[in-house]
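# got a predicted structure here, sequence first:
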Amino acid sequence: MADKPPTADEATLFELPPAAAPKPRPPLSDPKRGARLREANRAQLAWGRIDLDAQLPEDHPARAIYAVIARLDLSALYAQIDARDEVAGASAID
């Protein structure tokens, strides 16, 4: 039975340290604080110097959709990001 951990009665080759429970992550007051994110630059100039934000008319429905999405509470998603400040890991995409 290799899948079971040894019981107290079974001998081991060496003394095993006690298993430590993972530390619970404290709730963040600002879940986005310290998270490394690659954010979209809405005013970015691309090849050919095209201002992507200027490509849509001011009254285009996509602007209303973006305005609603920009107001969503995404704190539950940001709280799951492990790459923060000096912690190793790839930056998440915002």
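Sure, I can see it.

# ok, the spatially most central residue of the chain - contacts?
For the chain, residue 81 is the residue whose C-alpha lies nearest the centre (C-alpha atoms, centre = their mean; 2.6 Å). Residues in contact with residue 81 (C-beta atoms under 8 Å, 6 or more residues apart in numbering) are 31, 35-37, 92. (Glycine included, C-beta is placed from N, CA and C.)

# paired strands for the worst-scoring helix or strand of the chain on mean pLDDT, with orientation please.
Here the helix or strand of the chain ranked lowest by mean pLDDT, DSSP states H and E is strand 92-93, holding a mean of 76. Using DSSP bridges, strand 92-93 pairs in its sheet with strand 37-38 (parallel).

# run a quick neighbour tally on residue 80.
10 (other C-beta atoms under 10 Å).

# same check on the one 3 residues further on?
Neighbourhood size, residue 83 [other C-beta under 10 Å]: 15.

# residue 84 too?
Number of residues near residue 84 (other C-beta under 10 Å) recorded here: 15.

# so it touches residue 31, yeah?
No: using C-beta atoms under 8 Å, residue 84 is not in contact with residue 31; the gap is 10.1 Å.
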